Structures are given as structure tokens and as C-alpha cells.
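1. what follows is a predicted protein model with its sequence.
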Amino acid sequence: MRISIVAVGRLARSPEADLVKLYADRATAAGRALGLGPVEVMEVESRKPGKAPEAEALRPHLAGAYVIACDERGQALASRKFAAEIGRLRDDGVRRLAFVIGGADGLDPALVEAADARLAFGPQTWPHALARAMLAEQVYRAVTILAGGPYHRD
């Protein structure tokens, strides 16, 4: 199952961009034997400001995928539950999983409503650059949990 992190805006050279790449690469390498990956990061730019134009720029990159919208009103999942959900989707035959992160103002409500699921990073507000890094790390953690690797909470 291919895993995509689709986000509005481009990260310049930054520690967050380095973290996203590091964890996406690690998840790709660790996930091969499990039928997970590659993990790709897709950055989308909108020609116009606002949630609706951003949603239009995102939609072509979500076609055919099981879409999880990163949204503050979504469900916050513990790492093991997050891993189990990714494993369940893979086992159910999902070929592509796409996590979508909006711009500074979040995602268009229509895009969130059309998503298959919603994921929250907790009640705090996070910069979307940091949200990408956190998501990439959790995808990597999920892959290692599914691989039976040691998990510090056990």
C-alpha cells in the first residue's frame, strides 16, 4: 500500500523538511517487507489563496486513495491504534492511503467531509510544517510497530 502525505505549501530548507524526509525514507525502507510504501510527500501550491482553491489543488492528488484528513476535529489515535488502522487498511486491500494537510487556515470543510477518516494531533494548534514532521514520524512508528519492532511503551 502506497502512503502519501499530501500537503498545501512547500517547505523550504528547514529542520522540519529534513525530519519529514528522514522519517518518510525510514518508513519506506522498513515498510517494504510489510507491503507498505513507498511513503511519499507531495507538496501542492494553490494559485489563489483560501481553503476552496487549496482543496481544488489537492483533489487530483487524492484520486483513488483512501483519504485521511488531518483536522483538529478528527480522532486522536494512540500510536498502536494508528498502526493497527494502517495495518487494517492494508489488509483490507487499500492500494493507496493519502493523509492530507491543509494550509495555514486548515482544510476546506467540503474536502474534510469527503474524506474517509479524520485524524487530529491533539487539542493543541500545530504549525503545518511541524504537523508534516509529526505525521511522517508517526507513519514510521506505525511501520516499526507493525514489523514487531520494540516499542518503548511496552
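-> That came through fine.

2. and for residue 94, the neighbour number?
-> Residue 94: 16 surrounding residues under other Cβ atoms under 10 Å. Where C-beta positions appear, they are placed from N, C-alpha and C, glycine not excepted.

3. what's the closest non-adjacent residue to it?
-> With sequence-adjacent residues excluded and distances taken as Cβ to Cβ, 6 or more residues apart in numbering, residue 94 is closest to residue 66, at 4.7 Å.

4. that neighbour against residue 89, yeah?
-> Yes: counting by Cβ atoms under 8 Å, residue 66 touches residue 89, with 5.9 Å between them.

5. just want to know which of those two has more residues nearby.
-> Between residue 66 and residue 89, counting by other Cβ under 10 Å, residue 89 is the more crowded of the two (20 against 17).

6. ok, residues contacting whatever helix or strand that one lives in?
-> Taking DSSP states H and E as the definition, one finds residue 89 inside helix 79-91. Contacts to helix 79-91, defined as Cβ atoms under 8 Å, 6 or more residues apart in numbering, come from residues 1, 3, 34-36, 66, 77, 97, 117, 119, 138-139, 141-143, 145-146, 151, 153.

7. narrow these to those that are buried.
-> 1, 3, 34, 36, 66, 77, 97, 117, 119, 138-139, 141-143, 145-146 (16 or more other Cβ atoms under 10 Å).
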